[in-house]
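Student: Got a sequence here, can you build the structure:
(chains A, B, C and D)
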There are 2 protein chains.
Amino acid sequence: MDIGHKLRTIRKQRGLSQRELAARAGLTNGTISLIEKNRTSPSVASLKSLLDAIPISMAEFFSTLEETEAPKVFYRADEFTEVAPTREGQVSLRQLGNAEHHALQVLHETYPAGADTGPELLTHEGEEAGIVVRGTMEVTVDGNVAVLKSGDGYLFDSRRPHRFRNIGEDVCEVVSACTPPSF
Amino acid sequence: MDIGHKLRTIRKQRGLSQRELAARAGLTNGTISLIEKNRTSPSVASLKSLLDAIPISMAEFFSTLEETEAPKVFYRADEFTEVAPTREGQVSLRQLGNAEHHALQVLHETYPAGADTGPELLTHEGEEAGIVVRGTMEVTVDGNVAVLKSGDGYLFDSRRPHRFRNIGEDVCEVVSACTPPSF
DNA sequence: TTAGGGTGTTTAATATAATTGTCAATCGCC
DNA sequence: GGCGATTGACAATTATATTAAACACCCTAA
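Tutor: Okay, the predicted model is just below:
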């Protein structure tokens, strides 16, 4: 959703400066600068003021924006979304993309020393797999226990009750995949 | 731009509660309540989250919204926009509708006792007229001075230098019209 | 009747957007 | 080159959206 870039393109097409557009829209140049650099997400009211001043309709703006927008493929590390409530010193699950719109859910998981998904085993529809990329992880699946080190992996039917536990002394990182997304 | 009503309509169509939609969109039910009652203008990011969760595209949302939206005709008192910076105990100019898109600018003006548009006379293109609805107003136009009471009015070419002054002891209210809009 | 789960609304606290004022860089234009 | 005007960017403050937690209001079942 690169609103900033789109707005800048249209504004320049019309030969408007940030200050001039701001005056027409009843906003300030600073605000437009921030919006165009995607450093803030404008309120619908603000965006409407801007588009009215150009002028271009909301529908038109978003239709040309959304149609020229290819499905997102690449994600920078800081674009991952934390899907578990981040408690200090707890497991961190960072999800790649928006699982709701895909069949595949990929997580970058970080387990501090001693972290544990808990004694009550997990079960859900689908299959999951993962590779340990740092540290050591004890994985329990349907009664079978294994200790995986960096480079090792797992793959199982998610209906089988499972549990993850970092039994090492260092942080453990795992890259995992799940299909269909479990949450 | 009745985003709230539109959102509520679509949400109910899909049989979603505010809480359920909020959960899917990663927002809170309270936020949705405020948006639906137009008590806040959501950020584009928030609105996108909501529409993604429904799901419906931004373009679709605004196209059906804007096409079904008839030009606004009626304005409640609280929908007037203050067009002069509101200083305490100063003149208040409350504008009917958005003058940018109309040939006619109508103001509901309030002058506290002693208020004055200032010794430097005003001049601008167009014609203006008004009726005093409360209090007493001294109006100067091109050297001619008159004291207008409730029910009295004025009408002149705006290029003639003019000035308004509330010489009474009470608040004075005037309903005025200007064409083309002067600001 | 009461207790419990569902709804939408409201409130004070917090996170975020928008303003204000200023900055350095760029562009003519004598 | 030096000056004024205009540009987009930035930091600190102000205004606003968003949250979290409570509320009141149905329902229905015990």
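
Student: can we go C-alpha only for contacts and neighbour counts from here?
Tutor: Fine.

Student: Over to the closest residue to residue A:109 other than its chain neighbours. Which of the three states is it?
Tutor: Nearest non-adjacent residue to residue A:109, counting by C-alpha to C-alpha, 6 or more residues apart in numbering or on different chains: residue A:93, 4.6 Å away. Under DSSP: H, G, I helix; E, B strand; the rest coil, residue A:93 falls in the strand class.

Student: Also residue A:50?
Tutor: helix.

Student: State the number of residues packed around the residue lying closest to it once chain neighbours are set aside.
Tutor: Leaving aside its sequence neighbours, residue A:50 sits nearest to residue A:25 (C-alpha to C-alpha, 6+ apart; 5.1 Å). Neighbour count of residue A:25, defined by other C-alpha atoms under 10 Å in any protein chain shown: 19.

Student: got it, and residue A:169?
Tutor: So residue A:169, with other C-alpha under 10 Å, has 11 neighbours.

Student: Now do the contacts for it.
Tutor: Each residue near residue A:169 by C-alpha atoms under 8 Å, 6 or more residues apart in numbering or on different chains is listed here: A:113-114.

Student: Got the phi and psi for it?
Tutor: Backbone torsions for residue A:169, taken as degrees, to the nearest 10, come to phi -100, psi -10.

Student: Against residue A:137, how distant is it?
Tutor: Separation of residue A:169 from residue A:137 (C-alpha to C-alpha, to the nearest Å) stands at 10 Å.

Student: Need the pLDDT of the residue lying closest to residue A:114 once chain neighbours are set aside.
Tutor: Sequence neighbours aside, residue A:166 is the residue nearest to residue A:114 in space, at 5.2 Å (criterion: C-alpha to C-alpha, 6+ apart). We have a pLDDT of 91 for residue A:166.

Student: what number of residues lie near residue A:15?
Tutor: 11.

Student: Now do it, the pLDDT please.
Tutor: At residue A:15, the pLDDT recorded in the model is 86.

Student: Please identify which helix or strand holds residue A:175.
Tutor: In this assignment (DSSP states H and E), residue A:175 forms part of strand A:172-179.

Student: which residues touch that strand?
Tutor: In contact with strand A:172-179 (C-alpha under 8 Å, 6+ apart) are residues A:103-113, A:126-137, A:166.

Student: Sort out for me which of these are in strands.
Tutor: A:105-111, A:127-134, A:136-137 (DSSP state E).

Student: how much space between the residue nearest to residue A:109 and DNA strand C?
Tutor: 18 Å (C-alpha to the nearest atom of the strand, to the nearest Å).

Student: what do you get for residue A:18?
Tutor: 11 Å.

Student: Which residue, other than its chain neighbours, is closest to that residue?
Tutor: Excluding the flanking residues, the one nearest residue A:18 by C-alpha to C-alpha, 6+ apart is residue A:29, at 5.2 Å.

Student: quick one: contacts for the one you found?
Tutor: A:18-22 are the contacts of residue A:29 under C-alpha under 8 Å, 6+ apart.

Student: Please indicate which of those residues are buried?
Tutor: Listed as buried from the contacts of residue A:29 are A:18-19, A:21-22; burial here means 16 or more other C-alpha atoms under 10 Å in any protein chain shown.

Student: related to what we said a few turns ago, burial of the residue nearest to residue A:114, as a residue count?
Tutor: 25.

Student: Quick check: it vs residue A:148, distance?
Tutor: For residue A:166, the distance to residue A:148 - C-alpha to C-alpha - is 10 Å.

Student: Could you do residue A:43 as well?
Tutor: Taking C-alpha to C-alpha, one finds residue A:43 at 48 Å from residue A:148.

Student: and what of residue A:177?
Tutor: 16 Å.

Student: I'd assumed residue A:49 was in contact with residue A:26.
Tutor: Yes. Using C-alpha atoms under 8 Å, residue A:26 is in contact with residue A:49, at 7.3 Å.

Student: Mind checking which of the two has more residues around it?
Tutor: residue A:49 (18 against 13).

Student: about what we covered before: out of the buried ones among the contacts of residue A:29, name the ones that lie in helices.
Tutor: Per DSSP state H, helices hold the following members of the buried ones among the contacts of residue A:29: A:18-19, A:21-22.

Student: List the residue ranges of chain A that fall below the pLDDT cut-off.
Tutor: Where chain A drops to pLDDT under 70, the residues are A:67-79, A:81-89, A:99-101, A:183.

Student: Tell me the residues of it that contact chain B?
Tutor: A:41-45, A:58-63, A:66 (C-alpha under 8 Å from any C-alpha of the partner chain).

Student: Closest one to residue B:159 out of these, please.
Tutor: Using C-alpha to C-alpha, residue A:45 is the member of the residues of chain A next to chain B that sits closest to residue B:159, with 34.9 Å.

Student: Now that closest one: closest residue in space, sequence neighbours ignored.
Tutor: Nearest residue to residue A:45 in three dimensions, chain neighbours excluded: residue B:41, at 5.9 Å (C-alpha to C-alpha, 6+ apart).

Student: Is that neighbour in contact with residue A:42, as I believe?
Tutor: No. Here residue B:41 does not reach residue A:42: they are 9.6 Å apart, not a contact under C-alpha under 8 Å.

Student: Compare these two and say which is more crowded by neighbours.
Tutor: The neighbour comparison of residue B:41 against residue A:42 (other C-alpha under 10 Å) goes to residue A:42, with 23 against 19.

Student: Can you name the residues that contact the more buried one?
Tutor: With C-alpha under 8 Å, 6+ apart, residue A:42 has these contacts: A:35, B:43-45.

Student: same deal with residue A:107?
Tutor: A:93-96, A:175-177.

Student: quick check, nearest of the residues you listed to residue A:53?
Tutor: residue A:96 (37.4 Å).

Student: how far away is the residue nearest to residue A:50 from residue B:40?
Tutor: From residue A:25 to residue B:40 the distance is 19 Å (C-alpha to C-alpha).
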